[in-house]
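1. Here is a sequence together with a model predicted from it:
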Amino acid sequence: MSYERIKASDSKVVGSKQVTKAVEKGQAVAVVLARNAEDRVVAPLARLCENKSVEVVWVEDMVALGKACGIEVPTAAAAILAE
């Protein structure tokens, strides 16, 4: 999965807090994390996804991830939700 998959998804959440909630509730199918985000933000999310058996995909850039999600600001995390 890359930027294209998150861009094509109609059911997604953006931002570390919203992604965390979606993973905890079992709604997330896959989580996309930006490598250039602060480790204090993405490391706990990566661990949570591992514990919940949610697919994690790393992309290179927060700015590109934000644009793929349809927002004008960089984002560290996004999740595709079960439909």
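-> In hand now; what should we look at?
2. In terms of helices and strands, where is K21?
-> In this assignment (DSSP states H and E), K21 forms part of helix 16-24.
3. Would you mark the buried spots in that helix?
-> Using 16 or more other CB atoms under 10 Å as the burial criterion, the residues of helix 16-24 that qualify are S16, Q18, V19, T20, A22, V23. For glycine as for every other residue, the C-beta is placed from the backbone atoms N, C-alpha and C.
4. What's the per-residue pLDDT of the third one here?
-> Meaning V19. V19 carries a pLDDT value of 98.
5. likewise the first one?
-> S16 is assigned a pLDDT of 96 by the prediction.
6. ok, now how distant is it from A43?
-> Per CB to CB, to the nearest Å, S16 is found 11 Å from A43.
7. Can you pull out the low-pLDDT segments for the protein?
-> Within the chain, the stretches with pLDDT under 70 are 1.
8. which one's the longest strand in it?
-> As assigned by DSSP state E, the longest strand anywhere in the chain is strand 28-34.
9. Restricting the selection to alpha carbons, write the helix holding K21 to PDB.
-> Taking C-alpha atoms only, helix 16-24 is exported to PDB below (Å, rounded to 0.1, in the frame of the first residue of the first chain):
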ATOM      1  CA  SER A  16      -2.500  10.100  15.200                       C
ATOM      2  CA  LYS A  17      -5.300  10.600  17.800                       C
ATOM      3  CA  GLN A  18      -8.100   9.500  15.300                       C
ATOM      4  CA  VAL A  19      -6.000   6.600  14.100                       C
ATOM      5  CA  THR A  20      -5.300   5.500  17.600                       C
ATOM      6  CA  LYS A  21      -9.000   5.500  18.400                       C
ATOM      7  CA  ALA A  22      -9.900   3.600  15.200                       C
ATOM      8  CA  VAL A  23      -7.300   0.900  16.000                       C
ATOM      9  CA  GLU A  24      -8.400   0.600  19.600                       C
END
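10. which residues sit against it?
-> Residues outside helix 16-24 that contact it (CB atoms under 8 Å, 6 or more residues apart in numbering) are 13, 28, 31, 41-42, 44-45, 48-49, 52, 54, 76-79, 81.
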